[in-house]
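Q: got a predicted model here, sequence first, then my questions.
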Amino acid sequence: MEAPATMSAIPAAPAAASRMPTRSLLYLFLPVVVVAILPLLPFVNNYIIAATVRALIFISLGQAWNIVAGIGGQLSLGHSVFLGLGCYTTGILFNRYGVPPWIGGFIAMLLSLAVALVMGSMTLRMRGVFFALATVAVSLALVQLSRHFVDLTGGADGLALKFVGNSLWAMQSRTPAPFLYAALAFVIVYYWITRALLTSSFGLAMQAVRDDEVAAAAAGVAVFRTKLLGFLLSAAMTSLAAVLYLQFYMAIDPEAAFGLSQAIQLQLPALLGGLGTALGPVIGGALMIFLSEVTNWGSTKIGVEGLDILVYGLMLLIVILRAPSGIVGLVFKNAVSGGPR
Amino acid sequence: MAGIEAVLLLALQAILSGVLVGGVYGILSVGLSLAFGVMRIVNFAHGELVMYGMYAGVIASRNFGIDPLLILPLSFLLVALVGVAQYQIVFRHFVGHATLQQLLAAIGCALVLQMIAQIIFGADARTATSMFTGQYVVFGPFFLSQAQIVAFIVAVAATLGVELLLRATTWGKAVRAVADDLEAAEVVGVNSRIINIGAFALACGLAGLAGTVLVTYFPTSPSVGFSLMPIIIIATTIGGLGSIGGTFLGGIFCGIIQQVTAMMWNSALQDVPLYVLLLLFIAFRPTGFFGVRSE
Amino acid sequence: MTTAALEVKGIARNFGGVVALRDVSFTVGEGEVVGLIGPNGAGKSTLFEIVSGNLSPSAGRISYFGADCTAMPTHLRRRAGMCRTFQKVRLFDSMTVADNIRVAASQCLPPGRALHDEVAAILAQLRLQAQAERRPAELTLADRKRVEIGRAMAGHCRLLMLDESMSGLTHEEAEHLIVEILALNRERGITVIVVEHVLSVLAAMVKRLIVLHNATVVADGTPSQVAHDPVVIEAYLGTKQSALK
């Protein structure tokens, strides 16, 4: 029998899907334009805009996780650690010390990098399942710690940002429209980062490690360092998106920040859409929010809560059992490879 | 002198409670360890199975007025059946390697099971009452919860039962053969598929049984599964994935650390030392004290 | 004047109570094509893993072109030009053939060399241009082995260690592979060590055979010398006959 817990990657969507022919950039261009002009459309109200912002933030968190898990092949189960660190650090610095989120977010990123460095150094040399468990352990410990230090974090009730009205300096707005553009920018940048990574030497090294660590080492890849750097990049990206999260929702609590449920939710965009591809988290995230809105609307009619999580769970099972490469893998199964080198 | 004596008494009280609570943590975790040892399955939905066992106890107690302790065999069977369903639908495709897919599929199961419970039972916390609930035994200077004592006895008995099953029965030996060396076992004619289903059913049944006994002093809710998973993971990691006795002792170890931390330092942070220990074990000794197969 | 490409000095390795290797020593000169053979259980795999850096020896040293590399991690050995293939071909399944090679090429690229050129050159050398954009799952075993060799050579390669490369191939495919490997040796001066447990495969390929048996070297000479060495014959067949058909 095998030694404990060999983590082999889910078959990532064929690399061809990540090097889609350039004409498909048109497919992306259209949604981006639609989102960008959303506030100008007559039948669109703030609720729709807010829902779109939620979707975009969710997508960018999914894109960040996709880096370490999809490209790197390291299952960071407790990735909410960096979401929480990003939110709490920025929030505490703002509420207590008046530090604007532009700076607070940067400090939060540094903190996340430090934590990722320590965690990664301790656990990335082990078999994957232990790394996954370690991330869960840290995230849950942080739930308890953030509940405990009430003076600092607001305890179980969490932290609410002091509202200062429309302010670029404080990254606050009465309407959701500015966040729409900020979140869209995040998604676009993160998409571009993912694509650049996929075709770069470092990205190839990450994928080699994901596919077969031993063979990667035999091909000259510094395995541990590659895993660690991927983890650090992913942590930083998550932490930055967390700033947007905080500023949009204006509040954070231990469960939403570090909780296991949250951690799992941010994995779903990539898992459903296509792990390891650039487009996957975008499609997966959009689909999830859409499903979520539909089920919540339906469940309020029936009077049941939590139906959307049930749907997530079912979709996860369906994807794992039937379509492990996600939607992108299904759609682009026969994609001709090619694209700029 | 009186100060130190008081502290010592407090510590001993904590240790005693810790052992009792830890025994239950042990039986909660034994199933997970068993599934891993035999099939390399890390059932992330194990906590949800415990939760169903807890709800079984609640229904017995609240809807039928029956003491949960009396329905232990029924809980075992019911949750074992849920486990078989889980295995047939999901896990049988992932036997043999603890892969990313397997872990994610288990998470999917956990979400589904959790939400089904929420839809059926609602999100509120529920308790069950056995004849021992809320009663205490005075034991010298110590107060011990009767429900916890009984739970501990059940936990030890169940663990010993499993050990006996694995060591003394033909079936048990077949299970251990499959766990040690699948190919060799199949060569001598062991039908590993049937063994796997049986072992997984046993693992899940244990979770249900543990849940029913736990709910006599600890409230249940749909999310209790996730909140128990950390302890379960820590107990199995420290004790050793794949080792039944080791995991049980790991549970006791966790219980002691938790209660001592709660009493001596702060009950809100009672799990923090455990998380630290988990990280240290993962970094330096992932197979725990008694774990199966070192790297 | 030839520098020793590889010097194995007094290598020993235990696993608990089991002695897998005991005082193994030999030297491989630059440009040689050497076969490392021995019956199953002789210790070939263990020695291979030690030389390629996946396993550390219990005792002894390894020298690569004069520099001690016993403590060097696998990826650094590879970048220094100590390259290996695997008994069961291990390619990166999610990547194309070209990308498989590109991974190694990008990690081991000599200064001044363009990545694109290196990948193209390797593909050309191993006649894989037609398969460059296909995935390992679509290729025949023989082609996958060639990709693995290409990946093993990319960027920088002075010593190539092949682990039972012929297993699973038809006689014809094996012959073609041998021709390619010998061409690499001739044209690029790559030192080659081939690990096999079937003697006849190597006889045509190598000028020197090192025989491992019971955890140590029992013979080291030309194929015909080795084939008639009674110790070797006994190791393989248990009787005294020629081991060469």
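A: Yep, it's here.
Q: tell me where chain C has helices.
A: For chain C, the helices defined by DSSP state H cover C:44-52, C:74-79, C:97-108, C:115-125, C:141-153, C:171-188, C:199-203, C:223-227, C:230-237.
Q: quick one: which of those is nearest residue C:3?
A: Taking C-beta to C-beta as the criterion, helix C:171-188 is the member of those that comes nearest to residue C:3, at 16.0 Å. (Glycine included, C-beta is placed from N, CA and C.)
Q: got the buried residues for that closest one?
A: C:173-174, C:177-178, C:180-181, C:184-185 (16 or more other C-beta atoms under 10 Å in any protein chain shown).
Q: biggest separation within these, which pair?
A: For the buried residues of helix C:171-188, and using C-beta to C-beta, no pair is farther apart than C:173 and C:185, which are 19.0 Å apart.
Q: follow-up on the earlier one: deepest-packed of the helices of chain C, please.
A: helix C:97-108 (a mean of 27; mean count of other C-beta atoms under 10 Å in any protein chain shown).
Q: which residues does that one contact?
A: A:15, A:201, A:204-205, A:207-208, A:216, A:219-222, C:75, C:78-79, C:81, C:91-92, C:95, C:115, C:118-119, C:122-123, C:128, C:131-136, C:139, C:147, C:150-152, C:154-157 (C-beta atoms under 8 Å, 6 or more residues apart in numbering or on different chains).
Q: so for that helix, what's the average pLDDT?
A: Averaging pLDDT along helix C:97-108 gives 95.
Q: same check on stretch B:254-264?
A: 90.
Q: by mean pLDDT, which helix or strand of chain C comes out lowest?
A: Among the helical and strand segments of chain C, the one scoring lowest on mean pLDDT, DSSP states H and E is helix C:199-203, with a mean of 72.
Q: for that helix, packing partners?
A: strand C:33-37, helix C:223-227 (3 or more C-beta pairs under 8 Å, 6 or more residues apart in numbering or on different chains; DSSP states H and E).
Q: what do you get if the cut-off is 10 Å, keeping everything else the same?
A: Contact here means 3 or more C-beta pairs under 10 Å, 6 or more residues apart in numbering or on different chains; DSSP states H and E; on that basis helix C:199-203 packs against strand C:33-37, helix C:171-188, strand C:191-196, strand C:208-213, helix C:223-227.
Q: run the chain-centre distance for the longest one.
A: Which is helix C:171-188. 13 Å (C-alpha atoms, centre = their mean, to the nearest Å).
Q: the biggest helix by length in chain B and chain A in contact?
A: Secondary structure of chain B per DSSP H: the longest helix is helix B:2-39. Yes. Using C-beta under 10 Å from any C-beta of the partner chain, helix B:2-39 reaches chain A at B:36-39.
Q: equivalent analysis for stretch B:84-98, please.
A: Yes. With C-beta under 10 Å from any C-beta as the measure, stretch B:84-98 is seen reaching chain A through B:89-90, B:93-94, B:96-98.
Q: I'd guessed residue A:282 sits against residue A:273; true?
A: Yes. Contact criterion C-beta atoms under 10 Å: residue A:282 and residue A:273 qualify, at 6.7 Å.
Q: common neighbours of the two, please.
A: Common contacts of residue A:282 and residue A:273 (C-beta atoms under 10 Å, 6 or more residues apart in numbering or on different chains): A:59, A:62-63, A:66, A:328.
Q: assign a three-state SS to residue B:189, would you?
A: coil (DSSP: H, G, I helix; E, B strand; the rest coil).
Q: burial of it, as a residue count?
A: By the criterion of other C-beta atoms under 10 Å in any protein chain shown, residue B:189 has 7 neighbours.
Q: isn't it up against residue B:195?
A: No. Assessed by C-beta under 10 Å, residue B:189 is found out of contact with residue B:195, at 11.4 Å.
Q: which residues are common contacts for the two?
A: With C-beta under 10 Å, 6+ apart, residue B:189 and residue B:195 have common neighbours residue B:174.
Q: wasn't residue A:73 part of a helix?
A: No. Counting by three-state DSSP, one finds residue A:73 to be coil, located in no helix.
Q: now the residue nearest to it when sequence neighbours are not counted: which helix or strand?
A: Once flanking residues are discounted, residue A:73 sits nearest to residue A:210: 2.6 Å by C-beta to C-beta, 6 or more residues apart in numbering or on different chains. Following DSSP states H and E, one finds residue A:210 within helix A:201-211.
Q: what pLDDT, on average, does that helix get?
A: Here the average pLDDT along helix A:201-211 is 95.
Q: I'd like the next helix or strand past it.
A: helix A:213-218.
Q: what angle do the helix or strand following that following helix and helix A:201-211 make?
A: Remark: after helix A:213-218, the chain's next helix or strand is helix A:223-249, criterion DSSP H and E. Here helix A:223-249 runs at an angle of 100 degrees relative to helix A:201-211 (axes from the mean of the first three to the mean of the last three C-alpha atoms, to 10 degrees).
Q: quick one: distance of helix A:223-249 to the chain centre.
A: 8 Å.
Q: is chain C contacted by it?
A: Yes. Counting by C-beta under 10 Å from any C-beta, chain C has neighbours in helix A:223-249: A:223-226.
Q: who's in contact with residue B:155?
A: Residues in contact with residue B:155 (C-beta under 10 Å, 6+ apart) are B:20-28, B:30, B:148, B:206, B:209-210, B:213-214, B:248, B:251-252.
Q: how far away is it from chain A?
A: Residue B:155 is 23 Å from chain A, where distance means C-beta to the nearest C-beta, to the nearest Å.
Q: tell me the domain ranges of chain C?
A: C:1-81+C:159-245, C:93-157 (automatic domain parsing).
Q: which strand or helix spans residue B:148?
A: Assigned by DSSP H and E, residue B:148 falls in helix B:146-168.
Q: buried residues in whichever helix or strand comes after that helix?
A: Counting by DSSP H and E, the element after helix B:146-168 in chain order, helix or strand, is helix B:170-180. Buried residues in helix B:170-180, defined by neighbour count with 16+ other C-beta under 10 Å: B:172, B:174-179.
Q: and helix B:170-180, does that touch chain A?
A: Yes. For helix B:170-180 and chain A, the contact criterion (C-beta under 10 Å from any C-beta) is met by B:178-180.
Q: tell me the one of those residues nearest chain C?
A: residue B:180 (16.9 Å; C-beta to the nearest C-beta).
Q: isn't that closest one right up against residue B:166?
A: No. Residue B:180 sits out of contact with residue B:166 when judged by C-beta under 10 Å, with a separation of 11.5 Å.
Q: what is in contact with the two at once?
A: B:37-38.
Q: on that earlier part again, can you redo the buried residues of helix B:170-180 as JSON lines with pLDDT?
A: Below are the buried residues of helix B:170-180 laid out as JSON lines (pLDDT from 0 to 100):
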{"residue": "B:172", "pLDDT": "89"}
{"residue": "B:174", "pLDDT": "87"}
{"residue": "B:175", "pLDDT": "87"}
{"residue": "B:176", "pLDDT": "86"}
{"residue": "B:177", "pLDDT": "85"}
{"residue": "B:178", "pLDDT": "84"}
{"residue": "B:179", "pLDDT": "82"}
